[in-house]
Structure formats: C-alpha cells, structure tokens
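sequence-free structure coming up:
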C-alpha cells in the first residue's frame with residue numbers, strides 16, 4: 001500500500017465519485033478502490049488491535065456503491081481461534097457479500113473486546129434506525145454517514161456505561 005496520505009486521498013476520490021450514483025457512473029480507478037479498501041483494513045486493525053484477541057466486539061463498515069452504505073454488527077473470537085473463523089474471517093465474508101452487491105468497503109472500525117457487546121450493538125442499531133435520513137435493512141443502512149454512525153455508536157456506549165455505574169451506586 002502507498003502511504004497513508006495517498007490512500008486517504010484515493011478514498012476521498014472514491015467516496016466523491018460514488019456520491020454521484022445513481023445520476024452518473026463513478027469515474028474511479030481500480031487502484032483508488034484498492035487503496036481505499038486497504039486503508040479501511042489498516043484502520044480496522046489499528047482500532048481493534050489485536051483482531052485475534054478473544055471476546056465480543058461491535059463493528060461498523062462503510063461501503064460505496066449502489067447497495068447499502070453502512071453495516072453495523074457484532075462479531076467475536078475465542079482464545080486460540082484461527083483460520084476460517086474469528087473477527088478477520090467475519091469481516092472478509094461481509095466484504096465478499098458486499099462485492100456481490102457491487103459495493104466496496106472504504107471505511108471500517110471495530111471495538112476492542114468488551115463486556116455487554118450485544119446490548120451495545122442492539123442499542124446502536126436502534127439509534128441508527130431512528131435517524132430521520134436512515135433506511136434500515138436489518139443491520140444494513142442507507143443514508144447514514146459513517147462518521148455520524150461512529151459518534152452514535154460511541155455515545156450509546158458511554159450512555160450504557162454511565163447507566164451501569166449509576167445503578168451500581
């Protein structure tokens with residue numbers, strides 16, 4: 001992969017080009033798509049390092065293309081899990097599904113392993129569904145900006161932690 005700056009610039013070109021859908025065919029190079037995808041994977045690894053750590057996590061994946069542009073969900077790994085299971089395998093399988101719908105992952109974030117990840121996921125999905133501009137299809141969304149989704153996911157987590165602390169007093 002080229003430097004982080006070049007990859008970020010490539011990702012921006014890809015996002016801007018795909019914002020033209022359905023009115024125009026995106027004018028991007030395969031290299032820009034590849035760099036944007038590689039940057040998403042680098043950001044995923046940085047956020048959730050190490051990805052093979054045991055536990056449950058919540059993730060957000062941002063896509064460009066004619067399909068849904070956001071996927072939020074839960075994944076987990078067990079101690080010593082390798083090969084075709086675990087976090088990396090789950091994200092790769094979601095990426096393959098997205099390609100079947102002509103979309104490309106260009107943004108990605110994952111939490112580190114946390115307790116109560118299922119509750120966090122459930123509350124995050126509900127908050128994202130309630131956005132006025134959002135169209136929810138299960139754990140997939142259209143019309144939700146990736147950065148806004150991350151803010152919502154993080155605020156839901158903070159609210160959950162604050163509620164648990166208050167209840168424990």
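Cool, got the structure. It should be emphasised that the depicted structure is a prediction, and the values quoted were computed from it without experimental measurement. Residues are numbered from 1 along each chain as shown.

shouldn't residue 15 be in contact with residue 64?
Yes. Using C-beta atoms under 8 Å, residue 15 is in contact with residue 64, at 5.9 Å. All C-beta atoms are positioned from the backbone trio N, CA, C, and that covers glycine.

report the buried residues of stretch 13-28.
Buried residues in stretch 13-28, counted by 16 or more other C-beta atoms under 10 Å: 13-15, 17-18, 26, 28.

try stretch 116-133
For stretch 116-133, by 16+ other C-beta under 10 Å, it's 117, 120-121, 123-125, 127-128, 131.

hmm, who's touching stretch 106-116?
Applying C-beta atoms under 8 Å, 6 or more residues apart in numbering, the external contacts of stretch 106-116 come out as 11, 14-15, 33, 36-37, 39-41, 43-44, 47-49, 51, 53-64, 75-77, 87, 91, 117, 120, 146, 150, 157, 160.

give the buried residues for that stretch.
106-111, 113.

kindly report the same for stretch 89-101.
Residues of stretch 89-101 classed as buried by neighbour count (16+ other C-beta under 10 Å): 90-91, 94-95, 98.

could you dump those residues to a markdown table with secondary structure and distance to residue 138?
Below are the buried residues of stretch 89-101 laid out as a markdown table (DSSP: H, G, I helix; E, B strand; the rest coil; distance: C-beta to C-beta, whole Å):
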| residue | secondary structure | distance to residue 138 |
| --- | --- | --- |
| 90 | helix | 16 |
| 91 | helix | 17 |
| 94 | helix | 12 |
| 95 | helix | 17 |
| 98 | helix | 14 |
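
in a markdown table: those residues, plus pLDDT and distance to residue 135.
Below are the buried residues of stretch 89-101 laid out as a markdown table (pLDDT from 0 to 100; distance: C-beta to C-beta, whole Å):
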| residue | pLDDT | distance to residue 135 |
| --- | --- | --- |
| 90 | 92 | 24 |
| 91 | 94 | 23 |
| 94 | 93 | 19 |
| 95 | 93 | 21 |
| 98 | 89 | 17 |
